[in-house]
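Asker: need coordinates for the following:
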Amino acid sequence: MSTSASRSESESTSTSASASASASTPGSAPIAASATGVTSGSASTEAATAAARRSKITPERETELYDAVLCLLREGGYDSVTMEGVAARTKCGKATLYRQWGTKPQLVTAALAQRRCTVFTGIDTGTLAGDLREAGRIAASHRERDAELMEAVAQAFIQHPDLRAALRETVIAPEVAAIDAVVARAVERGEVAADNPAIGFVAPCFLGMLRIERLFEDRFTDVSTMRTFVDAVLLPALRVEG
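Answerer: A predicted model of the protein is given here:
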C-alpha cells in the first residue's frame with residue numbers, strides 16, 4: 001500500500017508539472033506577437049521618415065536639379081549625366097538624388113517630363129496648309145535652342161533600351177499626337193480624304209525631318225527648310241492645294 005501510494009503521488013506530481021509547463025507555453029505567444037508588432041512599427045516609422053526626407057526638396061530646388069540634368073545632356077549627351085555630376089553642379093548630396101529618384105534613368109526621365117513643352121499643341125489656323133506651315137515655323141524657331149538636347153535624347157533613345165519607353169512617353173508621343181491632331185482636323189473639314197494612305201506618315205516624316213536636318217546642313221541652310229518640306233512633300237502627298 002505504501003509503495004502504491006508513493007507511485008500515485010509521483011504520477012500526480014509529474015502531471016502537475018506537465019500541466020504547469022503547458023500553461024506557461026501560451027504565455028510566450030503574446031511576447032512573440034509583441035516583438036512582431038515592434039518590427040512592423042519600426043518599418044512603418046522608417047517608411048515615414050524616408051517620405052519626410054523626400055518631401056524636403058522644394059519645387060524650386062527640384063527645378064534646379066532638373067536644369068542641371070538638362071544642361072549635362074546638352075553638353076555631353078546621356079552618358080555625361082551622372083549622379084555625381086548633378087550633385088556637384090547643384091551642391092546637392094548624392095544620397096539625396098538616389099533617395100529621391102533611385103536611378104539615373106529615372107532622374108533623366110523626370111527632368112525631361114518636367115521640362116516637356118509640346119511646341120505643336122494649340123496650332124489651329126483653320127487650314128491644313130496653314131497648320132503645317134506654322135508647325136514648321138515653330139520648329140525652325142526652336143531648332144538652335146533645342147538642337148543639342150534633342151540630339152542627346154535621340155542618341156539615348158537608340159543606345160539605351162531602358163530609357164526608350166520613358167522617352168517615347170515624355171518627349172516623342174506628345175509631339176506625334178499634336179501633329180496627328182492637325183491632320184485629323186483636316187480630315188473632319190474635308191480637306192483630306194479619310195482613306196489617304198499618306199496620313200499615317202505625316203507625323204513621322206515631319207519629326208524625322210527635324211531629326212536629320214542637322215545631318216544635311218549643307219542642303220538645309222535656313223529657316224525656310226521646313227516650309228519648303230511642307231509645301232513640296234507633305235501637302236502633295238495629302239493631295240492638298242497650297
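
Asker: okay, and for this protein, where does confidence drop off?
Answerer: 1-55, 116-118, 143-146 (pLDDT under 70).

Asker: and Leu238, how far is that from Thr125?
Answerer: The gap separating Leu238 from Thr125 is 16 Å, by CB to CB, to the nearest Å. C-beta here means a position set from N, CA and C on the backbone, and glycine is covered the same way.

Asker: more neighbours, the two?
Answerer: Per other CB atoms under 10 Å, whichever of Leu238 and Thr125 has more neighbours is Leu238, with 22 against 13.

Asker: distance of the more buried one relative to Gly200?
Answerer: Per CB to CB, Leu238 is found 11 Å from Gly200.

Asker: go on, Ala194?
Answerer: Distance, Ala194 to Gly200, using CB to CB: 12 Å.

Asker: likewise Glu84?
Answerer: Here the criterion is CB to CB. By it, Glu84 lies 44 Å from Gly200.

Asker: can you map out the helices along the chain?
Answerer: Using DSSP state H, the helices assigned to the chain run over residues 2-24, 28-55, 59-76, 83-90, 94-101, 104-114, 128-159, 161-167, 173-189, 202-212, 225-229, 235-237.

Asker: elements contacting the fourth one?
Answerer: If I follow you right, that is helix 83-90. With contacts taken as 3 or more CB pairs under 8 Å, 6 or more residues apart in numbering; DSSP states H and E, helix 83-90 sits against helix 59-76, helix 94-101, helix 104-114.

Asker: now it: buried residues?
Answerer: Of the residues in helix 83-90, 83, 85-87, 90 count as buried by neighbour count, 16 or more other CB atoms under 10 Å.

Asker: wait, which of the residues you listed is closest to Arg214?
Answerer: Within the buried residues of helix 83-90, the smallest distance to Arg214 is 25.1 Å, found for Gly85 (CB to CB).

Asker: measure the closest one to Gly76 for me?
Answerer: Going from Gly85 to Gly76 by CB to CB gives 9 Å.
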